[in-house]
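Novice: what follows is a predicted structure for the sequence shown.
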Amino acid sequence: MREHHESRRPRRRSTGLLLATALVLAGCSGDQSALSPAGPYAQDPHDLIVIVTVIALVVFVFVQGLIIYSVVKFRTRKDDDGSLPVQVHGNTKLEIVWTMIPAVILAVIAVPTVQMIFSTMEEPEDEHLVVEVIGHRWWFEYYYPDFDVYTANEMVIPTDTPVRLEMIAGDPGHSQDSAVIHSFWIPALAGKQDLLPNHTTFLNMQADEPGTYLGQCAEYCGLSHVNMRARVHAMEAADFDQWVEEQSTPAEVPDGGPEAEGRELFHDLGDRQSCAACHQVWEGDGARSPSQGPDLTHLMSRDEFAGAIVDLDEETLRQWLADPNSIKPMQYEVNGIGMPDLDLTDDELDALVAYLLTLQ
Ligand SMILES: [Cu+2]
């Protein structure tokens, strides 16, 4: 029995290893992968990855080949008398050669790599769209300066147009000096670039085809780093123009019912902090301005919320308002980061959710 068990174990282990390897490799392509580029600013780095990998493979096969050759050729034979082979020291020619080869390979790879780093960041020559990306704990805010449009979590872009991201990190209502570094990465559309406090960084992005491209914050940024995702919806130019049109329209003011009650509460929660203190619902008067939390003017035009981690519907919205920490651990009580739990009553929740659902 015991023997039987022992003999089976290695086999099972290798099957597990094989499965694990297959799973890991399966993760290399698909919705969120630099190996499935969907635009020029992702295609060029991808091609560079392929070239570097091929060079590495050639070196690997060559070196491994030499090792295997030596192991086989110079193995201990039956008639071996146990004496050491001739010892060779300090062959200057050889040493220069095997120092030069890697140095030359690295120098050759460095040229396109450095060029690539610049080309993915410098201002595109073609007409392009500018989107400001602001990394907050723990969600991405997007501002379109050309249209004065704010949105969050889901960026919308036209296809076949270079998009220039101007990126910075910061938590509204807090000093820039307390902000943390984030990193914006939509692998199928662009390279990866850090968002820094007090310093703007740039990244170019472009989608060839309409679709939804997934990404996330790629730099550890605290408690809810894992809950900081991003997605990009790319659409044909006409659809994009329509989206801009909709986003530039002020929110409608409900004229009665629980929706109107919800709007009242949104602006006034008695001795608790009002929603409007942190969220903008732009009703057409004055300029739009950034707020501490995501702009909610057209909240319901988005698919998910809270850092693009949950589907946006009536039920999840209600849960978020009732107990935001149950969806996303935040630190509001500790350092004012994130969305506070406002101890809303059931009636208040009903009215607020009814109101939020009107923000199409
Ligand atoms: Cu982050």
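Specialist: Thanks, I have it.

Novice: for the stretch 101-250 of the chain, what lies in contact range of the ion?
Specialist: 182, 217, 221, 228 (Cβ under 5 Å from the ion). Placement of C-beta: from N, CA and C, glycine included.

Novice: just these now: which is nearest residue 259?
Specialist: Checking those against residue 259 with Cβ to Cβ, the nearest one is residue 228 at 31.0 Å.

Novice: thought that closest one was touching residue 153?
Specialist: No - shown here, residue 228 and residue 153 do not form a contact pair, counting by Cβ atoms under 8 Å, at 9.2 Å.

Novice: out of the residues of the stretch 101-250 of the chain next to the ion, who has the most neighbours?
Specialist: Highest neighbour count within those: residue 182, with 33 neighbours (other Cβ atoms under 10 Å).

Novice: with adjacent residues omitted, what lies nearest to the residue in the stretch 51-200 of the chain that the ion sits nearest to?
Specialist: At 3.4 Å from the ion, residue 182 is the closest residue in the stretch 51-200 of the chain, using Cβ to the ion. Leaving aside its sequence neighbours, residue 182 sits nearest to residue 135 (Cβ to Cβ, 6 or more residues apart in numbering; 3.3 Å).

Novice: just the residues of the stretch 101-250 of the chain next to the ion: which are in strands?
Specialist: Judged by DSSP state E, the subset of these located in strands is 182, 217.

Novice: what's the closest of the residues of the stretch 101-250 of the chain next to the ion to residue 72?
Specialist: residue 217 (50.0 Å).

Novice: can you tell me how far the closest one is from residue 14?
Specialist: Look at residue 217 and residue 14: by Cβ to Cβ, to the nearest Å, they are 37 Å apart.

Novice: what's the neighbour count on the nearest residue to residue 153 once chain neighbours are set aside?
Specialist: For residue 153, ignoring the flanking residues on the chain, the nearest one in space by Cβ to Cβ, 6+ apart is residue 308 at 4.2 Å. Residue 308: 23 surrounding residues under other Cβ under 10 Å.

Novice: check the one 4 residues further on too.
Specialist: Here the count is done by other Cβ under 10 Å, and residue 312 has 20 residues near it.

Novice: got the contact list for it?
Specialist: By Cβ atoms under 8 Å, 6 or more residues apart in numbering, the contact list for residue 312 reads 299, 300, 302, 303, 304, 305.

Novice: swap in residue 233?
Specialist: Neighbours of residue 233 in contact, by Cβ under 8 Å, 6+ apart: 154, 155, 156, 157, 211, 212.

Novice: and it, that's in a helix?
Specialist: No - counting by DSSP: H, G, I helix; E, B strand; the rest coil, residue 233 is located in no helix; its state is strand.

Novice: where does the residue nearest to residue 153 land in three-state SS?
Specialist: coil.

Novice: just to revisit the earlier point, for the residue nearest to residue 182, give me phi and psi.
Specialist: phi -90, psi 110 (degrees, to the nearest 10).

Novice: show me what it is bridged to.
Specialist: Assessed by DSSP bridges, residue 135 has beta-bridge partners residue 140, residue 169.

Novice: give the contact list for it.
Specialist: 167, 168, 169, 170, 181, 182, 184, 195, 217, 221.

Novice: all the helices of the stretch 151-300 of the chain, in order from the start?
Specialist: In the stretch 151-300 of the chain, the segments counted as helices under DSSP state H, counting those that start in this stretch are 237-247, 257-267.

Novice: which outside residues touch the last one?
Specialist: Spelled out, it's helix 257-267. 253-254, 274-276, 279, 281, 348, 350-358.

Novice: which of these count as buried?
Specialist: 254, 275-276, 279, 281, 348, 351-358 (16 or more other Cβ atoms under 10 Å).

Novice: hmm, back to that, where is pLDDT lowest across the contacts of residue 135?
Specialist: In terms of pLDDT, the lowest of these is residue 170, showing 86.

Novice: quick one: contacts for it?
Specialist: 134, 135, 136, 176, 179, 197.

Novice: circling back: reformat the helices of the stretch 151-300 of the chain as a markdown table; add distance to residue 317, mean neighbour count and mean pLDDT.
Specialist: Output for the helices of the stretch 151-300 of the chain, formatted as a markdown table (distance: least, Cβ to Cβ, whole Å; neighbours: other Cβ atoms under 10 Å; pLDDT from 0 to 100):
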| stretch | distance to residue 317 | mean neighbour count | mean pLDDT |
| --- | --- | --- | --- |
| helix 237-247 | 20 | 14 | 96 |
| helix 257-267 | 11 | 18 | 95 |
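
Novice: let's have these in TSV, adding distance to residue 285.
Specialist: Converted to TSV, those look like this (distance: least, Cβ to Cβ, whole Å):
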stretch	distance to residue 285
helix 237-247	17
helix 257-267	14
